[in-house]
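> Quick check, what structure comes out for this input:
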Amino acid sequence: MKIDLSGKVAVVTGGSGQLGRTIVRTLAHCGADVAVHYLRNTGKAEELCGELIEMGVRAVAVQADVTTLDSVLLMKDIINKTLGAPDIIVDNAVIQYTWKTVLEQDIEDFESQFRSCVLQNVHMAKAFIPAMVKKGCGRMIAINTTMSMLTEPKWGAYVAGKRGMDGLLRVLAKEVGSFGITVNQIAPGWTISDLDRDAGTEKQPEYDKNVPLCRRGTDQELANVVSFLASDLGSYITGAFIPVCGGIVMPAI
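Modelled structure (predicted):
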């Protein structure tokens, strides 16, 4: 059994970032053409597109502010003209900020997380799902987090944004399911990326001891689940919240 995304077009928001670039490469290895979204990192996005083209797929780097609908609609026009209407959406971008207690956190940080977690998904849905409805199929995959279940101190703004995103996407899954479109979320734990590999910080004993599998997950393990959900193998899964975290959280029935 093989994950085959040949002939499919994917767009990955935050595609030039640490987790995003592994998702992009993995979708391309499965045969998908990929639009690599970025906000500021033009060089990394274009370098990544060069890698994909050498792999034999089509790729385009596209700048947009995913918290603004007009910017997302402009991105859609560029992708449609260069690659065609996307079959797969991966919403991975997030705004970074300094974490503080709820009482200390700036109101602007709560607003930024709402824009980046909730409105990003609204904008991407409004821009790209209508074409999926016409096709009668499509995949929307959003990157959530195990933090939305763990709810530790100083995580307030991030958890609020991600929990809002969860509710939105569960509703959306019910609204578009009759058109053959699936909507799912992946919730990674504290994931190893190239930043850790470069710094030698893959092992985190205090964290690892609380993980049933006794280690942190990798960006590749996250990307593998994205590719599965994007493929025909995931055709009957929708509305799911799937932790990829070694068991540090276990959603109950």
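
> what's around Ile253, how many residues?
By the criterion of other C-beta atoms under 10 Å, Ile253 has 2 neighbours. The C-beta positions use only the backbone N, C-alpha and C, and glycine is treated the same way.

> ok, which stretches of the stretch 151-253 of the chain are strands?
181-188, 241-244 (DSSP state E, counting those that start in this stretch).

> and those as CSV, adding distance to Leu169 and mean neighbour count?
Shown next, in CSV, are the strands of the stretch 151-253 of the chain (distance: least, C-beta to C-beta, whole Å; neighbours: other C-beta atoms under 10 Å):
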stretch, distance to Leu169, mean neighbour count
strand 181-188, 5, 24
strand 241-244, 9, 19
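
> Out of these, flag the one nearest Ser235.
For those, proximity to Ser235 was assessed by C-beta to C-beta; strand 181-188 is nearest, at 7.1 Å.

> Could you spell out the sheet neighbours of that closest one, each with its direction?
In the sheet, strand 181-188 lines up against strand 138-143 (parallel), strand 241-244 (parallel) (DSSP bridges).

> Now for Ala85, how many residues are close by?
For Ala85, the neighbour count with other C-beta under 10 Å is 16.

> Could you check the pLDDT of the nearest residue to it once chain neighbours are set aside?
Once flanking residues are discounted, Ala85 sits nearest to Ala131: 3.9 Å by C-beta to C-beta, 6 or more residues apart in numbering. Looking at Ala131, its pLDDT stands at 98.

> Might you report the residue contacts of Ala131?
Asn80, Ala85, Pro86, Gly138 (C-beta atoms under 8 Å, 6 or more residues apart in numbering).

> Could you save those as JSON lines and add columns showing pLDDT, secondary structure and distance to Val34?
Shown next, in JSON lines, are the contacts of Ala131 (pLDDT from 0 to 100; DSSP: H, G, I helix; E, B strand; the rest coil; distance: C-beta to C-beta, whole Å):
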{"residue": "Asn80", "pLDDT": "98", "secondary structure": "helix", "distance to Val34": "14"}
{"residue": "Ala85", "pLDDT": "98", "secondary structure": "coil", "distance to Val34": "14"}
{"residue": "Pro86", "pLDDT": "98", "secondary structure": "coil", "distance to Val34": "9"}
{"residue": "Gly138", "pLDDT": "98", "secondary structure": "strand", "distance to Val34": "16"}
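
> Please tell me which one of the residues you listed counts the most neighbours.
Going by other C-beta under 10 Å, Pro86 tops the contacts of Ala131 with 28 neighbours.

> from memory that residue sits against Thr13, does it?
No: applying C-beta atoms under 8 Å, one finds Pro86 not in contact with Thr13, separated by 11.3 Å.

> now the helices for the stretch 151-253 of the chain?
Along the stretch 151-253 of the chain, the segments classed as helices by DSSP state H, counting those that start in this stretch run 156-176, 194-199, 205-208, 219-230.

> among the ones you listed, which is nearest Val36?
Among the helices of the stretch 151-253 of the chain, the nearest to Val36 by C-beta to C-beta is helix 219-230 (13.8 Å).

> And the residue nearest the centre of the chain?
Closest residue to the average C-alpha location of the chain: Asn92 at 2.8 Å, with C-alpha atoms, centre = their mean.

> do you know how far it is from Met132?
Going from Asn92 to Met132 by C-beta to C-beta, to the nearest Å gives 18 Å.

> Fine by me, thanks again.
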